[in-house]
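**Q** Return a 3D structure for these sequence lines:
(one chain, ligands or ions: 1)
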Amino acid sequence: MELIIVKNYEEASDLAFEHMIEVVKSNPKANLGLATGSTPIGLYDRMVKDHQTNGTSYKEIKTFNLDEYFGLDPQHEQSYYRFMYEHLFKDIDINLDNTHVPSGVGDIQENCNQYNALLKENPIDIQLLGIGGNGHIGFNEPGTAFDSVTHYIELKQRTREDNARLFFNGHLEEVPTHAITMGISNIMAAKKVLLIACGENKADAIVKMVEEEPSVDCPASALKNHPNCVCIVDEAAASKLSK
Ligand code: PGA
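**A** Modelled structure (predicted):
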């Protein structure tokens, strides 16, 4: 795992953009594993700006998102499909048929099976990740097995509270209690992993990920066993590291 400490969110987004664009430029048919949440917004802004000013094309790129809330239709204003559409897809030249977000509605087990099959057919070149305050990646909450594949999961209280604060106008009761998420082994199968962590709320999770032995108590610690994982961490998120 390569750990890069940068000053702040802007620098983290700049550097993440460099990693992402390198993959897109070197392979115009790349499969991108994408993430939602507050963290990747700066990166997506840079991808949109670059597309508009430099013409970087996504016409043949395919995308695969990590997760989706259970029970939210893709058009729901808080769905992760909608997030991706608003922050990235609508402003680049990607073919929407090539964008994939797990479905949180309908037969959830069938959706999991279909997503696993899709991931098997489409190996991911770069998987973008945020990290939860409790160390989750995707919606793989603490306790999730490292060999897990796409599955249905109950969200931890902290995850729901963090997401209520950031996205549901503070209305905890509106945050779904369950989700569908790529499993840890799906994430580990990506050729490259790019994790971004910013802010003090992530500092405890970063210590566990970096300084402790891999354990299901901190799902992100699985990444220590990934052969090509870059973690971009700002000073606030790195503030509790011992060295
Ligand atoms: P955040 O979420 O980017 O909104 O902090 C990250 C995550 O929960 O994976």
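**Q** Look up the pLDDT of R46 for me, please.
**A** Note on R46: pLDDT of 98.
**Q** A helix includes it, no?
**A** Yes. Assessed with DSSP: H, G, I helix; E, B strand; the rest coil, R46 lies in a helix.
**Q** How about the contacts made by it?
**A** 13-14, 17 (Cβ atoms under 8 Å, 6 or more residues apart in numbering). C-beta here means a position set from N, CA and C on the backbone, and glycine is covered the same way.
**Q** can you rerun that using 7 Å?
**A** 13, 17 (Cβ atoms under 7 Å, 6 or more residues apart in numbering).
**Q** Please report how far it lies from the ligand.
**A** According to Cβ to the nearest ligand atom, to the nearest Å, R46 stands 16 Å off from the ligand.
**Q** Against H19, how distant is that residue?
**A** 11 Å (Cβ to Cβ, to the nearest Å).
**Q** do V6 as well
**A** 12 Å.
**Q** Over to V105?
**A** 33 Å.
**Q** go on, A238?
**A** 18 Å.
**Q** between the two, who's got more neighbours?
**A** A238 (20 against 17; other Cβ atoms under 10 Å).
**Q** Could you pull up the residues touching the more buried one?
**A** 5, 206.
**Q** S221 now?
**A** S221 makes contacts with 208-209, 212, 214-215, as judged by Cβ under 7 Å, 6+ apart.
**Q** Let me know the secondary structure of it.
**A** helix.
**Q** what separates it from N186, distance-wise?
**A** 17 Å.
**Q** Mind listing residues that contact the lowest-mean-pLDDT helix or strand in the chain?
**A** Every helix and strand of the chain was ranked by mean pLDDT, DSSP states H and E. The lowest is helix 157-167, at a mean of 95. Outside helix 157-167, the residues that touch it by Cβ under 7 Å, 6+ apart are 38, 78, 132-134, 136, 141, 170-172, 175.
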